[in-house]
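[1] next come a sequence and a model predicted from it.
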Amino acid sequence: MKILLTGKTGQVGYELERTLQGLGEIVALDRQQMDLANLDQVRDVIRSVKPQLIINPAAYTAVDLAESAPDLAMRINADAPGVMAAEAKKLGAAMIHYSTDYVFDGDKAESYTEEDVPHPQSVYGRSKLAGEQAIQAAGIPHLILRTSWIYGLRGKNFLLTVQRLAQERDELRIVADQFGAPTWSRTLAEVTAHAICQLQGGGTQANVDHAAWSAHSGLYHVTAQGRTSWHGFTQAIIAHSSGLKQPKVTPIATQDYPLPAKRPQNSVLSSQRFMQAFCRLPEWEAALKLCVD
C-alpha cells in the first residue's frame, strides 16, 4: 500500500514517518514539497503519487496568530483537507486526518464525546472543524482523530517551553483552571499505526480494505488518559525531567494570562470509542515519563 504522509517535519508527522515503516511504501513530504496553502500543488502531488491512503497531520497550528490570519488558517486547515478528500475519492483511497479539542467551547463539565456538538471559540478551532466537515462530506473511508495538548521532543510545544523556562527563571506562573490530557506525539503515531494495521488485516494487504475501513469510518477522540491542568502538567514535567532546576510553579487563572485566542476551559476528550474499536491509550503521566526519559 502506498501511503502519502504530509508534514513530515512536524511533531506528529515526524513520529508517523518512523512508526508507519513496514505498513507500506511511505511517501513523506514536508511543506516545501507539499504546501497546504497551495491548493493546486496539493492536487498535483496527490495525482502524481496516487496513494491508497492519505495521512494528514499537517496544519496551521499557530492558535493565536490565526486570529489575525483567518484566511490562511482556513485554507490550510479546511480547504486543503477538502482537496485531499476529493482527490482520495477519485483514487478510491482512504484518509486519516487529525483534529483538535479546540472544536469545543470547553463549557462542559464532563469529558467530551464524539456526540457532543462542536462550538469552537477561535479561528483555529473553526478552521479545524471546517476541515473535519469537508472530509466527512466527501464520502470517503476515513478516520478523523481529534486529539489534545500535543507535546514531544521536537518543534514548539509546552514540554520544551517549560524545560527551557525552568532553566531560566526562578518562578513559573502557569494557568491552573484549564484542564485537558497531555498527549505525546509518539503515542498518537503509534496508535494510528495500530489502527491501520488492524484495518488492513495485519498490514498484509496491498490495497485499502474498503469493507473494514467503511465499517470503522468516522470521528474518534484520541488522547492520553486522565486529566490535569497546565499547572499540573508543568509540575510533572519538572518532576520527571532530570537535571532541571526546580523553580517555583505558581498557579494563576486564565484571566491573568490573556491571549488573542480563547482556550477551552475543559479540553478533556473521552477516547472510549477509539479504545473499543482499536487499542488502549496510556495514562498521560506514564507517557510523559517515557518521553522525557
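    That came through fine. Numbers count the residues shown, from 1 in each chain.

[2] can we go C-alpha only for contacts and neighbour counts from here?
    Noted.

[3] quick one: low-confidence parts of the stretch 151-293 of the chain?
    In the predicted model of the stretch 151-293 of the chain, residues 202-205 satisfy pLDDT under 70.

[4] swap in 80 and give it another go.
    Along the stretch 151-293 of the chain, the parts satisfying pLDDT under 80 run over 202-206.

[5] ranges for the helices of it?
    158-168, 185-199, 210-216, 230-240, 272-277, 284-292 (DSSP state H, counting those that start in this stretch).

[6] in CSV: those helices, plus mean neighbour count and distance to residue 42.
    As requested, the helices of the stretch 151-293 of the chain are arranged in CSV below (neighbours: other CA atoms under 10 Å; distance: least, CA to CA, whole Å):
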stretch, mean neighbour count, distance to residue 42
helix 158-168, 16, 30
helix 185-199, 20, 23
helix 210-216, 15, 24
helix 230-240, 19, 36
helix 272-277, 15, 29
helix 284-292, 17, 33
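
[7] among the ones you listed, which is nearest residue 57?
    Residue 57 sits nearest to helix 185-199 of all the helices of the stretch 151-293 of the chain, at 9.8 Å, using CA to CA.

[8] and the closest one, what other elements does it pack with?
    Contacts defined by 3 or more CA pairs under 8 Å, 6 or more residues apart in numbering; DSSP states H and E place helix 185-199 against helix 11-19.

[9] after the helix it packs on comes which helix or strand?
    Per DSSP states H and E, the first helix or strand lying C-terminal to helix 11-19 is strand 25-28.

[10] need the next SSE after that next one, C-terminal direction.
    Past strand 25-28, the next helix or strand by DSSP H and E is helix 39-49.

[11] list the contacts of that next one.
    Residues from elsewhere that reach helix 39-49 (CA atoms under 8 Å, 6 or more residues apart in numbering): 4, 27, 34-36, 79-80, 83-84, 87.

[12] the same query, at a cut-off of 7 Å, please.
    Counting by CA atoms under 7 Å, 6 or more residues apart in numbering, helix 39-49 makes contact with 34-36, 80, 83, 87, all of which sit outside it.
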